[in-house]
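**Student:** Model the structure of this input:
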Amino acid sequence: MKKQTQWFFVGLLAVLLLSSFISALPAGPSITYVSNSTATPISTSRSQDVKGTITVVTMSAKQQDYKWKAYVGNVTGHLALDDANAKSIYDWALSTITGEVYASRTSSINWANITCANTTVVTNEEAALGLAISIPDNINNTFSYLNHTSFLVGTKNITQDSCKSTATYVNSTAQVVNDTANFQEILLQDGATGSLVYSTLINNDQLGYDGVNTYDFQMIIAENESATIPTTYYFYVELG
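**Tutor:** Take a look at the predicted model:
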């Protein structure tokens, strides 16, 4: 049976909703003392590194990644039987929200041509956003799995484990990326134009990344770290 859908379209400037913008400045790491040595023996009781010594330390830093931004939130809506003037003859309330949230830099997607994103489309998107193929946090390396549940985009079936995917964190902890994970995110493309489309599955009222609040969706989308103007993304919702 044809899946009932309702598409919502909104164009947003790329604003990071998880936190306010902070300049990408060097930050102080945590430092672990390993050893201190010199040609002349020194006391192992130390409060500072004296002259003439070589001190070995390990440094660990956690730095904000400005090549990405994230959106989290909740979805409401209903299904309706409308005419061309958006006049309803009947509608149906949804007690439990299911479906998908989509985001793309393209404002017009041909949903009949939607398919899994191929390597060329991902590479082109990385180039457009200034993401080098050698960095660990580019799109290809972030969406490094082929593990997700099957779902419908309109009437187009995206079969299980067929597209590049990942899953965002729950309670600040990485999930096992498989077809039962919450907040699965899958890379799609408009087969006609080659536009990349991020898609995330709606999980109604599930514990989110912060371990405190519940959300219907979470998604990460790539950004141009060096751009002075945030990248515009267009968002879509499918209920069903």
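**Student:** domain ranges for this protein?
**Tutor:** Domain segmentation of the chain under automatic domain parsing yields 7-22+65-239, 30-60.
**Student:** Worst mean pLDDT among those?
**Tutor:** Of all those, the minimum mean pLDDT falls on domain 30-60 (a mean of 69).
**Student:** Can I get the domains of the chain in a markdown table including mean neighbour count?
**Tutor:** Where you see a C-beta, it was placed from the backbone N, CA and C, and this is true even at glycine. Below are those laid out as a markdown table (neighbours: other C-beta atoms under 10 Å):
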| stretch | mean neighbour count |
| --- | --- |
| domain 7-22+65-239 | 16 |
| domain 30-60 | 10 |
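**Student:** For Thr173, see how far away the nearest residue to Asp205 once chain neighbours are set aside is.
**Tutor:** Among residues not flanking Asp205 along the chain, Thr214 sits closest, at 4.5 Å (C-beta to C-beta, 6 or more residues apart in numbering). Here Thr214 is placed at a distance of 16 Å from Thr173 (C-beta to C-beta, to the nearest Å).
**Student:** Same check on Leu129?
**Tutor:** Here the criterion is C-beta to C-beta. By it, Leu129 lies 27 Å from Thr173.
**Student:** Now Asn85: which helix or strand?
**Tutor:** If you go by DSSP states H and E, Asn85 is not part of any helix or strand.
**Student:** Phi, psi for His78 please.
**Tutor:** Backbone dihedrals for His78, given as degrees, to the nearest 10, come out at phi -150, psi 160.
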